[in-house]
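Asks: fold the following and give me the result.
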Amino acid sequence: KEYAIDNLIVGEEVELDIPVTWECEEYDALTAGEYVFTAVFPDAFEDYTLDWEEVSAPTIIVKVLDAQPFERSAEVDGIKISMTAVPGVFPDDALLSVERIVDEVSTQKIEQAVQDEVESKSTENEQFSLDEMILFDIKVVNEEGVEYQPVIPEGKTASDVITVTFVDAAAELLDEYGEEGPVTDYVLEVFHVDDNLEEVTFLDTSVDGEDLSFSPEHFSTYGCSCSLSSIKSVSSWKDLWSAVYKNGVENVRLKKNIAIESMFLKIFSEYLFITDDTNIDLNGYTLSSKENEDSTIRVANGTLTIHD
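Replies: Coordinates of the predicted model:
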């Protein structure tokens with residue numbers, strides 16, 4: 001449309017205040033870089049046009065600089081809990097507060113809820129049971145004790161902006177087993193407990209050596225657990241022989257192809273004699289004699305389970 005402006009003198013500059021919004025589809029406040037924002041006119045001005053080719057909507061450049069991550073830590077009973085977050089998730093005055101939960105009433109109530117959740121993962125062929133757990137009340141507060149919850153930017157998830165790590169937690173969970181660890185498979189996980197200490201939710205857990213990490217959406221009661229499986233997964237003839245004959249594991253599952261062979265100057269048998277209630281699940285792999293060796297698989301009262 002064309003609009004008449006009274007007393008307009010050619011070459012005269014006219015200033016108009018037009019409200020605009022600035023938009024940039026690529027903008028990410030958490031990623032350093034330069035972002036170009038373009039002015040977008042409101043709907044009321046949709047019929048206006050810029051008549052001259054050399055005139056375009058104004059732009060501005062916003063620079064997002066690298067910032068140091070927000071880091072806090074606390075230590076309870078020899079276990080260090082560390083937290084790392086991107087800037088802006090917490091105020092600068094935020095502190096990490098951690099208390100270990102040890103009172104009998106709370107621990108028994110939580111333990112039952114965790115045990116129920118662990119057992120719910122069991123299947124016909126594999127059972128799980130809770131072996132050990134440790135519990136913490138984790139908060140983020142200022143010096144006056146005011147609690148903070150993480151502010152997660154729009155379009156992001158907790159895993160994008162915050163990580164909490166239980167340093168060396170695995171060492172405590174597995175302490176009674178020594179260097180060899182449990183004779184069956186085990187699972188190390190972090191879980192959340194609701195305010196009533198009745199509902200448990202297992203979280204995506206990253207296990208790095210003896211450290212357990214997770215990304216919380218909020219802070220309250222969390223714990224680390226070790227759950228034992230009824231199955232031992234093996235990847236060598238030595239592991240298979242030790243599981244069946246040394247440790248008496250009844251359910252063994254292959255996780256790679258295994259060739260039966262003599263070991264340790266023939267102290268170990270070249271024969272795999274499946275007896276009693278032993279169940280060996282090939283799990284899609286092969287269990288065979290090593291080339292040019294007279295090794296044999298013998299099945300008595302046990303079971304050799306073969307899956308395609």
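
Asks: tell me the secondary structure for the nearest residue to residue 198 once chain neighbours are set aside?
Replies: Taking CB to CB, 6 or more residues apart in numbering as the measure, residue 198 lies nearest to residue 113, with 5.7 Å between them; neighbours along the chain are not counted. Glycine gets a C-beta too; all of them are placed from N, C-alpha and C. Recorded secondary structure, residue 113: helix (DSSP: H, G, I helix; E, B strand; the rest coil).

Asks: please apply the same query to the one 5 residues further on.
Replies: Secondary structure of residue 118, reduced to three states by three-state DSSP: helix.

Asks: so what pLDDT did it get?
Replies: Predicted confidence (pLDDT) for residue 118: 96.

Asks: which ones are touching it?
Replies: 128-130, 225, 227 (CB atoms under 8 Å, 6 or more residues apart in numbering).

Asks: any idea of the mean pLDDT in stretch 260-273?
Replies: What stretch 260-273 shows for mean pLDDT is 55.

Asks: nope, stretch 198-209 is what I was after
Replies: 95.

Asks: could you dump that stretch to CSV, C-alpha only?
Replies: Extracted in CSV, the C-alpha atoms of stretch 198-209 (Å, rounded to 0.1, in the frame of the first residue of the first chain):
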residue,chain,number,x,y,z
GLU,A,198,7.8,-45.0,48.7
GLU,A,199,8.4,-44.6,44.9
VAL,A,200,11.8,-45.3,43.3
THR,A,201,12.9,-44.4,39.8
PHE,A,202,16.1,-45.7,38.3
LEU,A,203,17.9,-43.1,36.2
ASP,A,204,20.2,-43.2,33.2
THR,A,205,23.5,-43.8,34.8
SER,A,206,27.0,-43.4,33.4
VAL,A,207,29.6,-45.7,35.0
ASP,A,208,33.2,-44.7,34.5
GLY,A,209,35.5,-46.8,36.5
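
Asks: pull out the buried residues from that stretch.
Replies: Using 16 or more other CB atoms under 10 Å as the test for burial, stretch 198-209 gives 200, 202-203, 205.

Asks: I'd like those as TSV, with secondary structure and distance to residue 144 appended.
Replies: Converted to TSV, the buried residues of stretch 198-209 look like this (DSSP: H, G, I helix; E, B strand; the rest coil; distance: CB to CB, whole Å):
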residue	secondary structure	distance to residue 144
200	strand	32
202	strand	34
203	coil	30
205	coil	33
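
Asks: picking up where we left off before, buried among the contacts of residue 118? Make that a PyMOL selection.
Replies: Isolation of the buried members of the contacts of residue 118 (16+ other CB under 10 Å) is achieved in PyMOL through the command below:
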select buried, resi 128+130+225+227
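
Asks: tell me which stretches of the stretch 201-308 of the chain form helices.
Replies: For the stretch 201-308 of the chain, applying DSSP state H, counting those that start in this stretch gives helices covering 237-241.

Asks: and the strands in it?
Replies: Along the stretch 201-308 of the chain, counting by DSSP state E, counting those that start in this stretch, strands occupy 206-208, 211-214, 221-229, 232-234, 251-254, 258-260, 271-274, 279-281, 287-289, 296-299, 303-305.

Asks: you'd agree the residue nearest to residue 198 is up against residue 199?
Replies: Yes. With contacts counted by CB atoms under 8 Å, residue 113 reaches residue 199, the gap being 6.6 Å.

Asks: spell out which residues are contacts of both of those two.
Replies: residue 193.

Asks: residues near the residue nearest to residue 64 when sequence neighbours are not counted, how many?
Replies: Leaving aside its sequence neighbours, residue 64 sits nearest to residue 32 (CB to CB, 6+ apart; 5.2 Å). Residues lying near residue 32 (other CB atoms under 10 Å) number 10.

Asks: for the chain, which spans come out with low pLDDT?
Replies: Low-confidence segments of the chain, defined by pLDDT under 70: 1-16, 30, 44-55, 66, 262-276, 289-308.

Asks: longest strand of it?
Replies: Scanning the chain for the longest strand, with DSSP state E as the assignment, gives strand 128-141.

Asks: that one vs strand 221-229, what angle?
Replies: Per axes from the mean of the first three to the mean of the last three CA atoms, to 10 degrees, the angle that strand 128-141 makes with strand 221-229 is 160 degrees.

Asks: buried residues, strand 128-141. List them.
Replies: Residues 128, 130-140 are the ones in strand 128-141 that count as buried (16+ other CB under 10 Å).

Asks: sheet-wise, list the partners of that strand with their directions.
Replies: Using DSSP bridges, the strands paired with strand 128-141 are strand 95-100 (antiparallel), strand 147-148 (antiparallel), strand 221-229 (antiparallel).

Asks: winner for burial among the ones you listed?
Replies: Burial of the strands paired with strand 128-141 is given as mean neighbour count (mean count of other CB atoms under 10 Å); strand 221-229 ranks first at a mean of 22.
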